[in-house]
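Engineer: Task: produce atomic coordinates for the following.
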Amino acid sequence: MDFLTDYWWLIAIGLILFSGLFTVNQGTIAVITRLGKYVGVRRPGLNFKIPFLDQVYKRVSVQNRSVELEFQAVTIDQANVYFKSMLLYSVQNEGEETIKKVAFKFISDKDLMQALVRTIEGNIRAYVATKRQSEILGLRRDIVEFVKEHVDTSLEEWGYHLQDLQINDITFDQVILESMSKVVASNNLKAAAENEGQALLITKTKSAEAEGNAIKIAAEAERQAAQLRGQGVALFREEVAKGMSQAAEQMKQANLDTNVILFSMWTEAIKNFAEYGKGNVIFLDGSSEGMDRTMKQIMAMTMEERTIRK
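Structural biologist: Model prediction:
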């Protein structure tokens, strides 16, 4: 008791100093004020402040923060566009001046969030108002870049930095969605019809080419066949002429009448008619006068051929 009585003032001073100790969590910076005036910041770990004079005005988080946004915009052709997006932002850096901006620019985080959301919505609405409804879906990346370019300046004045803006969903009124679906369906039908027409054209073209090639091949084959037939007939006639000449020479040497050859050819022709006629009716003059007339005609033809050869 004597010790407590004699050294109570030391104990009181110790308790007062101990009450000035406080900790700052990792990822947080404490802003200290003295009698309502800013005096400095305290980093993560165990820190000290003057009891009764200093107070922790605000604990500023330097970690990334996110917020989801849902809002509506109107295009230049008066179409309603509905956006769902996610905003990622953080304190610009851990410098003392930046922390002072973050701590004293806004009364509370609620006010900061309201200003941040309204700024981003305003920039997106201003950009969408210059575009047509049909262009919006293809401008997702352009919208993000436009917002970052115009919002970063304001955020820097507040001590923050826009890390990322993701536009997760873009939708339109139901009537517009139905009309867009009809346009897509009609385009698909048009493409299918064009493809089918191209396929049919290719099929017809190939068929015509094949038919033309077949006609060319058949014509060439017929030409070659006709040529071979003509050559065969010519060779046949040549051989007949040679045979007749040899037979005539032999008959002359035997002192026989050469008309026997013509008579033999006549009878062979009649035999050939009867053998290969296949039921066809052939009218021949079988009288001696008829045979004599035919023989004279053959002899005349033979004499004519000899004259032409000479």
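
Engineer: Just the element for residue 162, please.
Structural biologist: strand 160-172 (DSSP states H and E).

Engineer: What of residue 76?
Structural biologist: Counting by DSSP H and E, residue 76 is found in no helix or strand.

Engineer: What about it, how many residues nearby?
Structural biologist: For residue 76, the neighbour count with other Cβ atoms under 10 Å is 12. (Each C-beta comes from the backbone N, C-alpha and C, glycine too.)

Engineer: Offset the numbering so it begins at 58, please.
Structural biologist: Yes, from this point I'll number from 58; that puts the last item at residue 133.

Engineer: Show the contacting residues for it.
Structural biologist: Residue 133 makes contacts with 186-189, as judged by Cβ atoms under 8 Å, 6 or more residues apart in numbering.

Engineer: export those residues to a markdown table and tack on neighbour count?
Structural biologist: Below are those laid out as a markdown table (neighbours: other Cβ atoms under 10 Å):
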| residue | neighbour count |
| --- | --- |
| 186 | 11 |
| 187 | 9 |
| 188 | 19 |
| 189 | 11 |
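
Engineer: Between all of those, which two are at the greatest distance?
Structural biologist: Among these, the pair separated by the greatest distance (Cβ to Cβ) is 186 and 189, at 10.6 Å.

Engineer: joint contacts of the two?
Structural biologist: Both residue 186 and residue 189 are in contact with 132-133, where contact means Cβ under 8 Å, 6+ apart.

Engineer: any idea where the strands of the protein begin and end?
Structural biologist: Counting by DSSP state E, the segments of the chain that form strands are 78-81, 85-91, 94-99, 102-105, 111-118, 122-131, 137-148, 217-229.

Engineer: Turn those strands into a markdown table, including distance to residue 280 and mean pLDDT.
Structural biologist: Output for the strands of the chain, formatted as a markdown table (distance: least, Cβ to Cβ, whole Å; pLDDT from 0 to 100):
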| stretch | distance to residue 280 | mean pLDDT |
| --- | --- | --- |
| strand 78-81 | 105 | 84 |
| strand 85-91 | 100 | 90 |
| strand 94-99 | 105 | 88 |
| strand 102-105 | 106 | 86 |
| strand 111-118 | 96 | 86 |
| strand 122-131 | 78 | 86 |
| strand 137-148 | 74 | 87 |
| strand 217-229 | 71 | 84 |
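
Engineer: In a markdown table, list the ones you listed along with mean neighbour count.
Structural biologist: A markdown table is the format used below for the strands of the chain (neighbours: other Cβ under 10 Å):
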| stretch | mean neighbour count |
| --- | --- |
| strand 78-81 | 13 |
| strand 85-91 | 19 |
| strand 94-99 | 15 |
| strand 102-105 | 12 |
| strand 111-118 | 16 |
| strand 122-131 | 14 |
| strand 137-148 | 18 |
| strand 217-229 | 16 |
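
Engineer: now those in JSON lines, with distance to residue 255?
Structural biologist: What follows is the strands of the chain, written out as JSON lines (distance: least, Cβ to Cβ, whole Å):
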{"stretch": "strand 78-81", "distance to residue 255": "72"}
{"stretch": "strand 85-91", "distance to residue 255": "67"}
{"stretch": "strand 94-99", "distance to residue 255": "72"}
{"stretch": "strand 102-105", "distance to residue 255": "74"}
{"stretch": "strand 111-118", "distance to residue 255": "62"}
{"stretch": "strand 122-131", "distance to residue 255": "41"}
{"stretch": "strand 137-148", "distance to residue 255": "37"}
{"stretch": "strand 217-229", "distance to residue 255": "34"}
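
Engineer: wait, which of the ones you listed is closest to residue 165?
Structural biologist: Taking Cβ to Cβ, strand 111-118 is the member of the strands of the chain nearest to residue 165, at 9.3 Å.

Engineer: Adjacent strands (with direction) for that closest one?
Structural biologist: As defined by DSSP bridges, the strand partners of strand 111-118 come to strand 85-91 (antiparallel).

Engineer: Send me the partner strand as PDB with only the CA atoms.
Structural biologist: Output in PDB follows, covering the C-alpha atoms of strand 85-91 (Å, rounded to 0.1, in the frame of the first residue of the first chain):
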ATOM      1  CA  THR A  85      -5.200   0.000 -43.700                       C
ATOM      2  CA  ILE A  86      -3.700   3.500 -42.900                       C
ATOM      3  CA  ALA A  87      -5.000   5.500 -39.900                       C
ATOM      4  CA  VAL A  88      -5.400   9.300 -40.200                       C
ATOM      5  CA  ILE A  89      -4.600  11.100 -37.000                       C
ATOM      6  CA  THR A  90      -6.000  14.500 -35.900                       C
ATOM      7  CA  ARG A  91      -5.100  16.600 -32.900                       C
END
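
Engineer: who touches that strand?
Structural biologist: By Cβ under 8 Å, 6+ apart, the residues outside strand 85-91 that reach it are 79, 81, 95-101, 104, 106-107, 110-119, 151, 156-157, 160.
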